[in-house]
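Chemist: from the sequence below, what's the structure:
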Amino acid sequence: MAPTVFTIGHSSQPVEQLIALLQRHGISQLADVRSAPASRFAPQFNRPALTDSLGQAGIDYRWLGQALGGKPRAAAPVFAAGIADLLALAEIRPTAIMCAERDPLHCHRTHLVTPALLKNGAAVIHILSDGGLLPHAALQQPPKQQDLFG
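Modeler: Numbering: from 1, shown residues only. The predicted structure is shown next:
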């Protein structure tokens with residue numbers, strides 16, 4: 001059985017808030033899928049600072065942006081290898097992939113990485129900024145149209 005992989009976006013929140021969300025959901029490993037793990041606007045998420053903060057909280061940091069970041073060609077061998085690496089990591093311990101975008105609907109982690117995970121049998125659950133969980137299948141459902149007559 002393939003693992004469950006969580007997703008999360010860091011946005012500009014304090015790093016402590018991100019760590020609290022990860023801990024709330026039992027995540028002990030964070031796979032960074034940003035091509036360039038740095039931010040001018042949120043320096044707490046620059047790779048060295050983030051690695052240190054996560055380590056102090058007992059969460060392992062892995063950078064997979066070289067394979068899964070930005071807009072890699074989905075058929076590229078490096079992308080497939082990155083997906084295999086991510087699945088192997090998630091088999092060992094609860095893992096979330098992280099990018100900068102808060103909303104999973106607007107991020108490559110949903111539009112590029114998630115389809116490859118699903119194709120490999122993994123379940124994908126998005127951790128929302130309020131701490132809620134959203135299974136990927138629910139993200140794909142169109143909103144219900146209001147009944148104008150009842």
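Chemist: end to end on stretch 123-138, go ahead and measure it.
Modeler: Terminal residues of stretch 123-138 are spaced 12 Å apart (CA to CA, to the nearest Å).
Chemist: equivalent analysis for stretch 66-82, please.
Modeler: End to end - CA to CA - stretch 66-82 spans 8 Å.
Chemist: hmm, who's touching it?
Modeler: For stretch 66-82, contacts defined as CB atoms under 8 Å, 6 or more residues apart in numbering pick out 31, 33-36, 64, 83, 85-86, 97, 108, 112-113, 115-116. Where C-beta positions appear, they are placed from N, C-alpha and C, glycine not excepted.
Chemist: buried residues in the top helix by length along the chain, which are they?
Modeler: If you go by DSSP state H, the chain has its longest helix at helix 77-92. For helix 77-92, burial by neighbour count (16 or more other CB atoms under 10 Å) applies to 79, 82-83, 86-87, 89-90.
Chemist: can you check stretch 39-51 too?
Modeler: The neighbour-count check on stretch 39-51 (16+ other CB under 10 Å) flags 39, 42, 44-45, 47, 50-51 as buried.
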